[in-house]
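> let's see this in three dimensions:
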Amino acid sequence: MKLIFCLLLFILPGNLFCQNNISRTDSIRNSLLYQKRNYPSSQYRDVYKNFMQDFYGPGHLINNKMVACDNLKKELNSTAIFDGPDFEPTGFKGNFYRVNLRLIAYGKIPYETFLNAFVESVQSIVPPEPSFWMNTWEEIDNVIRDMNWHFSNEENDRIYLKEQFEKEDFVVHHSESYNENVNFHYRIISKENFQKIILPFLENKKLRKKD
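Predicted structure coming up:
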């Protein structure tokens with residue numbers, strides 16, 4: 001299974017299980033390049049959200065499993081097309097994974113197993129200190145600047161993020177551009193739960209849409 005996992009992650013950001021020897025800056029750069037290649041409609045705030053999720057998960061706690069269950073069922077029932085990868089790591093450390101709801105819809109992972117992994121992951125989050133995250137994002141933003149990357153609406157996004165940082169509210173929503181062009185329906189699951197609970201279901205199984 002480990003060999004399969006390494007092969008699957010070969011094209012993903014380079015900080016993970018099979019590539020442990022690259023520098024922190026290179027890991028950040030690889031994550032940025034991955035997002036640009038796979039989500040070209042991303043704006044500055046979408047790039048920020050990717051890295052924020054690496055430290056904060058979905059950015060909110062789940063106090064009621066039934067609410068999480070209802071929201072998941074509604075999204076599954078209202079979605080006909082599931083774009084995006086089966087899974088991908090967040091940010092440059094891969095503390096969490098975005099796991100595609102397609103895996104439930106196509107019967108590859110049992111619904112209750114997926115839900116439990118998601119809820120457990122979110123409930124166990126210990127968010128970093130605000131100062132730590134602000135320093136981390138400054139480091140990431142410096143890499144963006146060094147790469148000479150620019151985004152439409154970047155100035156407004158930077159102003160918005162500055163206001164959020166002043167309030168120590170680090171959660172943001174995707175840009176309109178991203179939402180219009182990306183149909184990736186997922187839930188955030190911790191790396192530990194992904195490896196322990198989700199990954200075993202992904203070995204030697206074919207996706208087949210449920211009737």
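
> identify the residues contacting the biggest helix by length in the chain?
Taking DSSP state H as the criterion, the chain has its longest helix at helix 130-146. Helix 130-146 has contacts (CB atoms under 8 Å, 6 or more residues apart in numbering) with 25, 28-29, 32, 47-48, 51-52, 55-56, 92, 127-128, 165, 168, 170. C-beta coordinates here come from the backbone N, C-alpha and C atoms, glycine included.

> report the buried members of those residues.
Neighbour-count burial (16 or more other CB atoms under 10 Å) is assigned, among the contacts of helix 130-146, to 28-29, 32, 47-48, 51-52, 55-56, 92, 170.

> quick revisit: for the longest helix of the chain, buried residues please.
For helix 130-146, by 16+ other CB under 10 Å, it's 133, 136-137, 140-141, 143-144.

> follow-up on the earlier one: dump the buried ones among the contacts of helix 130-146 to CSV, plus secondary structure.
Putting the buried ones among the contacts of helix 130-146 into CSV (DSSP: H, G, I helix; E, B strand; the rest coil) gives the following:
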residue, secondary structure
28, helix
29, helix
32, helix
47, helix
48, helix
51, helix
52, helix
55, helix
56, helix
92, coil
170, coil
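
> any chance of the residues you listed in JSON lines, with distance to residue 105 too?
Listed next are the buried ones among the contacts of helix 130-146 as JSON lines, based on distance: CB to CB, whole Å:
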{"residue": "28", "distance to residue 105": "33"}
{"residue": "29", "distance to residue 105": "34"}
{"residue": "32", "distance to residue 105": "30"}
{"residue": "47", "distance to residue 105": "28"}
{"residue": "48", "distance to residue 105": "29"}
{"residue": "51", "distance to residue 105": "28"}
{"residue": "52", "distance to residue 105": "27"}
{"residue": "55", "distance to residue 105": "29"}
{"residue": "56", "distance to residue 105": "27"}
{"residue": "92", "distance to residue 105": "29"}
{"residue": "170", "distance to residue 105": "31"}
